[in-house]
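Q: need coordinates for the below:
(one chain, ligands or ions: 2)
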Amino acid sequence: MSNIEQTLSIIKPDAVERNLIDEIKFILKKNNLNIKDSKKIHLTKDEAADFYKVHQSKPFYNDLCSYLSSGPIVVMVLEGENAVLTYRKIMGATDPKNAKDNTIRKLYGLSIDKNSVHGSDSKDNAKKEIDFFFKY
Ligand code: CDP
Ligand code: MG
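A: Ligands and ions are numbered 1, 2, ... in the order given. Reported below is the predicted structural model:
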């Protein structure tokens with residue numbers, strides 16, 4: 001049975017800065033993830049802190065919020081078959097060193113913090129994250 005889902009993707013500042021938007025979008029489309037909506041924005045640190053609040057107890061939280069708000073990002077709604085898991089696989093492991101070949105993070109990630117992309121980790125979080133950026 002088909003299971004069409006939506007998930008949230010972010011192209012992070014390190015990848016926007018290196019002009020990787022088109023390359024990353026090409027990989028998404030090639031893997032049958034349709035880009036339903038896309039916008040380039042620049043978050044304030046407070047907005048980044050709100051978006052990443054699930055990580056507020058982590059030691060890397062402050063740096064993470066500074067980093068996400070350090071430059072423009074591209075936020076996208078992806079739609080496709082099992083989109084949440086499909087996109088997590090294409091994205092690759094959090095640390096690019098551990099990411100499998102041909103994943104976005106293996107191809108483009110610079111380090112665990114500058115790892116080029118974000119992806120929702122569950123259907124519930126995908127809905128929350130899409131609502132955070134896109135009010136339909
Ligand atoms: O992004 P992902 O879901 O793979 O990982 P996460 O555990 O939800 O962490 C969110 C983000 O925090 C990661 O994408 C990293 O950029 C950053 N992070 C970090 O800077 N240092 C760590 N030790 C772990 C995560
Ligand atoms: Mg996560």
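Q: when you work out contacts or count neighbours from here on, use the C-alpha atoms and nothing else.
A: Will do.
Q: list the contacts for the closest residue to Asn102 other than its chain neighbours?
A: Using CA to CA, 6 or more residues apart in numbering and skipping residues adjacent in sequence, the residue nearest Asn102 is Ile90, 7.9 Å away. By CA atoms under 8 Å, 6 or more residues apart in numbering, Ile90 lies in contact with 28, 102-104.
Q: is my assumption valid that Ile90 occupies a position in a helix?
A: Yes - counting by DSSP: H, G, I helix; E, B strand; the rest coil, Ile90 is found in a helix.
Q: I'd like the mean pLDDT over stretch 47-65, please.
A: In this model, stretch 47-65 has an average pLDDT of 98.
Q: and the contacts of that stretch?
A: Identification of contacts with stretch 47-65 by CA under 8 Å, 6+ apart yields 45-46, 66, 68-69, 113, 129, 132.
Q: can you do 10 Å?
A: Applying CA atoms under 10 Å, 6 or more residues apart in numbering, the contact partners of stretch 47-65 are 42-46, 66-70, 113-114, 128-129, 132-133.
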